[in-house]
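S.K.: Below are the sequence and a predicted model for it; my questions follow.
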Amino acid sequence: MRIVILGSGRGSNARAILEAQRAGRLGRARVVQLFSDRPEAGLLALGAEFAVPAAYLDPAPFKTKLEGEGEARYIAAITACTPDLIVLAGFMRVIKPGFLTAFAGKVINLHPSLLPSFPGLDGIGQAWRRGVKITGCTVHYVTPEVDGGPIIDQAAVRVEPGDTLETLTAKVHATEHALLPAVIARLSGG
(Lines give C-alpha, C1' and ligand atoms only; values in the text may rest on other atoms or scores of the structure.)
Protein backbone atom coordinates (compact mmCIF):
# COMPACT_ATOMS: atom_id res chain seq x y z
CA MET A 1 0.00 0.00 0.00
CA ARG A 2 1.57 3.26 -1.17
CA ILE A 3 0.94 6.17 1.20
CA VAL A 4 1.19 9.91 0.67
CA ILE A 5 1.10 12.07 3.81
CA LEU A 6 -0.12 15.68 3.78
CA GLY A 7 0.65 17.94 6.74
CA SER A 8 0.95 21.58 7.72
CA GLY A 9 2.93 21.62 10.95
CA ARG A 10 5.50 19.92 13.15
CA GLY A 11 4.90 16.53 11.61
CA SER A 12 4.51 14.58 14.86
CA ASN A 13 1.83 12.30 13.40
CA ALA A 14 3.86 11.78 10.23
CA ARG A 15 6.84 10.95 12.46
CA ALA A 16 4.75 8.34 14.29
CA ILE A 17 3.82 6.75 10.95
CA LEU A 18 7.42 6.79 9.70
CA GLU A 19 8.75 5.37 12.98
CA ALA A 20 6.17 2.57 12.79
CA GLN A 21 7.29 1.89 9.22
CA ARG A 22 10.95 1.80 10.31
CA ALA A 23 10.06 -0.62 13.13
CA GLY A 24 8.08 -2.90 10.80
CA ARG A 25 4.71 -2.07 12.39
CA LEU A 26 3.02 -0.52 9.36
CA GLY A 27 1.93 -3.77 7.79
CA ARG A 28 2.20 -3.74 4.02
CA ALA A 29 2.08 0.04 3.90
CA ARG A 30 4.97 2.22 2.78
CA VAL A 31 5.17 6.01 2.84
CA VAL A 32 6.26 7.16 -0.62
CA GLN A 33 5.90 10.96 -0.31
CA LEU A 34 5.40 13.80 2.18
CA PHE A 35 3.79 17.06 1.05
CA SER A 36 3.21 20.25 3.01
CA ASP A 37 1.28 23.40 2.26
CA ARG A 38 3.76 25.42 4.34
CA PRO A 39 7.39 25.76 3.24
CA GLU A 40 8.59 26.02 6.87
CA ALA A 41 6.69 22.96 8.15
CA GLY A 42 8.65 20.57 10.35
CA LEU A 43 7.06 17.75 8.39
CA LEU A 44 9.40 18.48 5.48
CA ALA A 45 12.53 17.80 7.57
CA LEU A 46 11.29 14.25 8.16
CA GLY A 47 11.96 13.42 4.52
CA ALA A 48 15.73 13.41 4.90
CA GLU A 49 15.59 11.70 8.30
CA PHE A 50 13.48 8.82 7.00
CA ALA A 51 14.69 8.76 3.36
CA VAL A 52 11.25 9.66 1.98
CA PRO A 53 10.76 12.39 -0.65
CA ALA A 54 9.32 15.54 0.93
CA ALA A 55 8.18 18.70 -0.83
CA TYR A 56 6.34 21.95 -0.34
CA LEU A 57 3.36 22.31 -2.69
CA ASP A 58 1.90 25.77 -3.18
CA PRO A 59 -1.77 25.67 -2.12
CA ALA A 60 -2.61 29.14 -3.50
CA PRO A 61 -4.87 30.93 -4.13
CA PHE A 62 -6.78 30.19 -0.90
CA LYS A 63 -5.57 30.33 2.73
CA THR A 64 -7.84 27.78 4.42
CA LYS A 65 -9.03 25.42 1.72
CA LEU A 66 -7.59 23.39 -1.13
CA GLU A 67 -9.43 24.48 -4.24
CA GLY A 68 -8.78 25.94 -7.69
CA GLU A 69 -5.17 26.08 -8.92
CA GLY A 70 -3.77 24.81 -5.63
CA GLU A 71 -6.08 21.82 -5.68
CA ALA A 72 -5.03 21.05 -9.26
CA ARG A 73 -1.34 21.15 -8.24
CA TYR A 74 -1.99 18.75 -5.37
CA ILE A 75 -4.02 16.37 -7.52
CA ALA A 76 -1.30 16.25 -10.19
CA ALA A 77 1.58 15.77 -7.73
CA ILE A 78 -0.22 13.12 -5.68
CA THR A 79 -1.46 11.27 -8.77
CA ALA A 80 2.16 11.01 -9.93
CA CYS A 81 2.90 9.09 -6.68
CA THR A 82 0.21 6.46 -7.51
CA PRO A 83 -1.05 6.33 -3.91
CA ASP A 84 -3.32 3.72 -2.42
CA LEU A 85 -3.95 5.90 0.62
CA ILE A 86 -3.63 9.63 1.37
CA VAL A 87 -3.23 10.47 5.04
CA LEU A 88 -4.09 13.94 6.30
CA ALA A 89 -1.82 14.24 9.33
CA GLY A 90 -2.31 17.75 10.61
CA PHE A 91 -3.19 19.13 7.18
CA MET A 92 -4.97 22.36 8.07
CA ARG A 93 -6.97 22.93 4.91
CA VAL A 94 -10.53 22.06 4.02
CA ILE A 95 -10.53 19.44 1.27
CA LYS A 96 -13.03 20.05 -1.52
CA PRO A 97 -15.03 17.64 -3.76
CA GLY A 98 -12.62 17.87 -6.72
CA PHE A 99 -9.79 16.42 -4.65
CA LEU A 100 -12.06 13.82 -3.06
CA THR A 101 -13.36 12.74 -6.48
CA ALA A 102 -9.80 12.35 -7.78
CA PHE A 103 -8.94 10.09 -4.83
CA ALA A 104 -12.31 8.54 -4.03
CA GLY A 105 -12.21 6.32 -0.94
CA LYS A 106 -8.47 6.87 -0.45
CA VAL A 107 -8.31 9.89 1.88
CA ILE A 108 -8.25 9.52 5.66
CA ASN A 109 -7.87 12.10 8.41
CA LEU A 110 -6.89 12.08 12.06
CA HIS A 111 -8.97 14.34 14.29
CA PRO A 112 -8.25 15.11 17.99
CA SER A 113 -11.67 14.31 19.42
CA LEU A 114 -14.14 11.46 19.55
CA LEU A 115 -16.20 12.44 16.53
CA PRO A 116 -18.94 13.37 16.01
CA SER A 117 -18.19 15.46 19.11
CA PHE A 118 -16.04 18.56 18.64
CA PRO A 119 -15.42 18.66 14.87
CA GLY A 120 -13.42 21.44 13.26
CA LEU A 121 -10.57 23.43 14.73
CA ASP A 122 -9.24 22.92 18.27
CA GLY A 123 -11.00 19.65 19.10
CA ILE A 124 -8.98 19.22 22.30
CA GLY A 125 -9.69 22.76 23.44
CA GLN A 126 -13.38 22.36 22.65
CA ALA A 127 -13.53 19.19 24.76
CA TRP A 128 -11.60 20.84 27.59
CA ARG A 129 -13.86 23.88 27.69
CA ARG A 130 -16.95 21.68 27.62
CA GLY A 131 -15.70 19.74 30.66
CA VAL A 132 -15.99 16.23 29.22
CA LYS A 133 -14.55 13.35 31.23
CA ILE A 134 -13.55 11.31 28.18
CA THR A 135 -12.21 12.62 24.90
CA GLY A 136 -9.75 11.09 22.44
CA CYS A 137 -9.06 10.90 18.73
CA THR A 138 -10.67 9.58 15.58
CA VAL A 139 -9.42 8.32 12.23
CA HIS A 140 -12.08 8.73 9.56
CA TYR A 141 -12.55 8.79 5.81
CA VAL A 142 -12.68 12.32 4.43
CA THR A 143 -15.91 13.54 2.83
CA PRO A 144 -17.03 17.05 1.85
CA GLU A 145 -18.52 17.49 5.33
CA VAL A 146 -15.67 18.64 7.60
CA ASP A 147 -14.86 15.82 10.07
CA GLY A 148 -18.09 14.10 9.03
CA GLY A 149 -16.87 11.07 7.11
CA PRO A 150 -17.27 7.42 8.14
CA ILE A 151 -15.29 6.59 11.26
CA ILE A 152 -12.58 3.94 10.87
CA ASP A 153 -11.43 3.81 14.50
CA GLN A 154 -11.26 5.82 17.70
CA ALA A 155 -9.24 5.80 20.91
CA ALA A 156 -10.45 7.27 24.18
CA VAL A 157 -8.49 9.42 26.60
CA ARG A 158 -9.76 9.93 30.15
CA VAL A 159 -9.65 13.47 31.51
CA GLU A 160 -8.22 13.12 35.02
CA PRO A 161 -8.95 15.59 37.86
CA GLY A 162 -5.35 16.88 37.82
CA ASP A 163 -5.20 17.40 34.06
CA THR A 164 -4.59 20.79 32.50
CA LEU A 165 -5.25 21.66 28.89
CA GLU A 166 -1.54 21.09 28.27
CA THR A 167 -1.44 17.62 29.90
CA LEU A 168 -4.65 16.61 28.14
CA THR A 169 -3.21 17.78 24.81
CA ALA A 170 -0.09 15.67 25.41
CA LYS A 171 -2.20 12.62 26.24
CA VAL A 172 -4.38 13.01 23.14
CA HIS A 173 -1.31 13.47 20.92
CA ALA A 174 0.32 10.34 22.37
CA THR A 175 -2.89 8.42 21.66
CA GLU A 176 -2.99 9.77 18.10
CA HIS A 177 0.58 8.59 17.56
CA ALA A 178 -0.46 5.04 18.45
CA LEU A 179 -3.85 4.98 16.70
CA LEU A 180 -2.96 6.34 13.26
CA PRO A 181 -0.14 3.86 12.45
CA ALA A 182 -2.28 0.99 13.78
CA VAL A 183 -5.17 1.98 11.49
CA ILE A 184 -2.84 2.25 8.49
CA ALA A 185 -1.40 -1.19 9.25
CA ARG A 186 -4.92 -2.66 9.40
CA LEU A 187 -5.98 -0.93 6.18
CA SER A 188 -2.89 -2.35 4.45
CA GLY A 189 -3.94 -5.86 5.42
CA GLY A 190 -0.81 -6.26 7.53
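M.R.: Sure, I can see it.
S.K.: Identify, by residue count, the longest helix of the protein.
M.R.: Taking DSSP state H as the assignment, the helix of the chain that covers the most residues is helix 165-187.
S.K.: contacting residues for R158?
M.R.: Contacts for R158 (Cβ atoms under 8 Å, 6 or more residues apart in numbering) come out as K133, I134. For the C-beta atoms, the positions are set from N, CA and C on the backbone; glycine is no exception.
S.K.: That one and E67: what is the separation?
M.R.: 39 Å (Cβ to Cβ, to the nearest Å).
S.K.: can you check A77 too?
M.R.: 16 Å.
S.K.: who's more crowded, these two?
M.R.: E67 (19 against 14; other Cβ atoms under 10 Å).
S.K.: Surely that one is in contact with K96?
M.R.: Yes: between E67 and K96 there is a contact under Cβ atoms under 8 Å: 4.7 Å.
S.K.: Which residue is the nearest non-sequential neighbour of the most centrally placed residue in the chain?
M.R.: For the chain, the residue nearest the mean C-alpha position is A89 (2.0 Å; Cα atoms, centre = their mean). Distances taken as Cβ to Cβ, 6 or more residues apart in numbering put N13 closest to A89, at 3.8 Å, once the chain neighbours are dropped.
S.K.: per-residue confidence for that neighbour?
M.R.: For N13, the model assigns a pLDDT of 96.
S.K.: Could you number the chain from 133 rather than 1 from now on?
M.R.: Yep, numbering from 133; the last one is N145 now.
S.K.: Can you list the buried residues in the helix or strand where it lies?
M.R.: Per DSSP states H and E, N145 falls inside helix 144-154. Residues of helix 144-154 classed as buried: S144, N145, A146, R147, A148, I149, L150, A152, Q153 (neighbour count, 16 or more other Cβ atoms under 10 Å).
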